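Trainee: Next input, structure requested:
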Amino acid sequence: MLRQGHRLVAGVDEVGRGPLAGPVVAAAVIFDTRRVPKGIDDSKALTPEQRTELFDKILACAEVGIAAVSAAEIDRINIRQASLLAMRRAISGLPRRPCVALVDGDDPPSLSCVTQAIVGGDARSLSIAAASIIAKVFRDALMRRLEASHPGYGFASHKGYSTKVHLDALTRLGPSPVHRMSFAPVRLAVGA
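Mentor: As a prediction, the model looks like this:
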């Protein structure tokens, strides 16, 4: 397993802080250093096809925890707390508890293991980059499913982000049950 010295290390990242709809998703990944797939990079530097291919390869050779925090929970506790909660849940979802968690960014959650925040970690750590891929592919798939149950918003294409198409749909249809009512553009759509 990927270790710092003799300690089990997990990479942690989240996606979906900025969208107006859908969950925030976090992933935690522990690699076997003998089986790290080639091509892992920050999810933003990869094409959707590359991410999907790597998603399957990572799941086949790593220990992975994935967690989502819903729009309703985001509205209740705020997006920062929801992101931290998703990361804690992702770590809890791992088959084994890591000794060290490498977390992308500068605002790590409180965990039951040593935590190291790494700004730009998805470009500096393979396990964080893998977590970014897992979280991104998982969330994108969730948003495609939400498009099927909440048609007309365009979730499959914009993934809940604030695009003109999405804002127009919000004005036309009003918010869906998966919109984040605490986010200003959604509140404005309902005249709140």
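Trainee: distance between stretch 171-180 and the chain's centre?
Mentor: Centre-to-centre, stretch 171-180 and its host chain are 22 Å apart (C-alpha atoms, centre = their mean, to the nearest Å).
Trainee: now swap in stretch 13-24 and tell me
Mentor: With C-alpha atoms, centre = their mean, you get 7 Å for stretch 13-24.
Trainee: Repeat that for stretch 156-170.
Mentor: For stretch 156-170, the distance to the chain centre is 18 Å (C-alpha atoms, centre = their mean).
Trainee: Could you list the buried residues of the top helix by length along the chain?
Mentor: Identified as the longest helix of the chain according to DSSP state H is helix 126-149. Residues 126-140, 142-143, 146-147 are the ones in helix 126-149 that count as buried (16 or more other C-beta atoms under 10 Å). Placement of C-beta: from N, CA and C, glycine included.
Trainee: Alpha carbons of that helix, as CSV, please.
Mentor: The C-alpha coordinates for helix 126-149 follow below in CSV (Å, rounded to 0.1, in the frame of the first residue of the first chain):
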residue,chain,number,x,y,z
LEU,A,126,-1.3,10.4,-7.1
SER,A,127,-3.7,9.3,-4.4
ILE,A,128,-5.4,12.8,-4.2
ALA,A,129,-5.5,12.9,-8.1
ALA,A,130,-7.1,9.4,-8.0
ALA,A,131,-9.7,10.7,-5.4
SER,A,132,-10.4,13.7,-7.7
ILE,A,133,-11.1,11.3,-10.6
ILE,A,134,-13.3,9.0,-8.5
ALA,A,135,-15.3,11.9,-7.1
LYS,A,136,-15.7,13.6,-10.4
VAL,A,137,-16.9,10.6,-12.4
PHE,A,138,-19.2,9.5,-9.6
ARG,A,139,-20.8,12.9,-9.3
ASP,A,140,-21.1,13.4,-13.1
ALA,A,141,-23.0,10.0,-13.2
LEU,A,142,-25.3,11.1,-10.4
MET,A,143,-26.1,14.3,-12.3
ARG,A,144,-27.0,12.4,-15.4
ARG,A,145,-29.4,10.3,-13.3
LEU,A,146,-30.8,13.5,-11.8
GLU,A,147,-31.5,14.7,-15.3
ALA,A,148,-33.7,11.7,-15.9
SER,A,149,-35.7,12.3,-12.8
